[in-house]
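[1] Dropping a prediction and its sequence here:
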Amino acid sequence: AYALQALAMVVKEAVFVRFRAWREPQHAIVASSTRKSDELPFDASLFLVCGTLARAAVQVLAWPVFTRVAQGGATLRSSAASGAAALFAGDVVPLAAFYWACNVGISVTALLLVQRTSAASTVLANVVALPLSALLFCLPLPMLESQAFHWRLAASLVLVVAGNLLYSYRTLRSP
């Protein structure tokens, strides 16, 4: 999963680099124009929408395969009915909406981080999330059973943070 996430960040950075390279000659043409509104900024929201639509299309197209393989040959109708029943049962809709909002926030934050830094920095920042989220699940969270705390979780977080600091040591020291 982390390899795919890292690949996604590299592709996003490649998109930004290619856009900047494409924009340079275009910017010279626009600079001679008198209208400021003619500048060509990168539309990150459009990039996210296209990515989300592509992801949704892949999931919809893969749904029949998933139901056949992972759910023991369940039909699409029974899979959709059970999914809808689970989604609209009890207090699930607000939690699902919160999950979707958090997912959008993560996507926007990662995109902005790649745009302003690099794919490597974004992947390293995401690596911190694994031991940190494992520590978070040790807390008494509502509707979740708290997990047992292991010192290796805290030690792994320290190691990841130390690794990130070593990786970016020169960047931190430069003015």
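    Structure's in. What do you need?

[2] and the most centrally placed residue in the chain, what is it in contact with?
    Nearest to the mean C-alpha position of the chain, counting by Cα atoms, centre = their mean, stands S107 at 4.0 Å. Counting by Cβ atoms under 8 Å, 6 or more residues apart in numbering, S107 makes contact with L48, G51, T52. Using the backbone N, CA and C atoms, a C-beta is placed for each residue, glycine as well.

[3] Quick one: distance of the host helix or strand of it to the chain centre.
    Per DSSP states H and E, S107 falls inside helix 92-116. Using Cα atoms, centre = their mean, to the nearest Å, the distance from the centre of helix 92-116 to the centre of the chain it belongs to is 7 Å.

[4] Pull out the buried positions in it.
    The neighbour-count check on helix 92-116 (16 or more other Cβ atoms under 10 Å) flags A110, L111, L113, V114, Q115 as buried.

[5] Also stretch 144-161?
    For stretch 144-161, by 16+ other Cβ under 10 Å, it's L153, S156, L157, V160.

[6] which residues sit in contact with the third one?
    Contacts for L157 (Cβ under 8 Å, 6+ apart) come out as V128, P131, L132, L135.

[7] And it, which helix or strand is it part of?
    Judged by DSSP H and E, L157 forms part of helix 151-167.

[8] Most neighbours out of the contacts of L157, which is it?
    P131 (19 neighbours; other Cβ atoms under 10 Å).

[9] does that one sit in a helix or strand, and which one?
    Counting by DSSP H and E, P131 is part of helix 119-136.

[10] how about that helix: buried residues?
    A119, S121, T122, V123, L124, N126, V127, P131, A134, L135.

[11] List just the nearest of those to L165.
    Nearest to L165 among the buried residues of helix 119-136, counting by Cβ to Cβ, is L124 at 10.0 Å.

[12] what's the helix holding P131 packed up against?
    Identification of packing neighbours for helix 119-136 by 3 or more Cβ pairs under 8 Å, 6 or more residues apart in numbering; DSSP states H and E yields helix 2-31, helix 92-116, helix 151-167.

[13] how distant is that helix from the center of its chain?
    11 Å.

[14] Also compute the angle for it relative to helix 92-116, please.
    Here the directions of helix 119-136 and helix 92-116 differ by 150 degrees (axes from the mean of the first three to the mean of the last three Cα atoms, to 10 degrees).

[15] Hmm, S121 and V10 touching each other?
    No. With contact defined as Cβ atoms under 8 Å, V10 does not reach S121; the gap is 11.8 Å.
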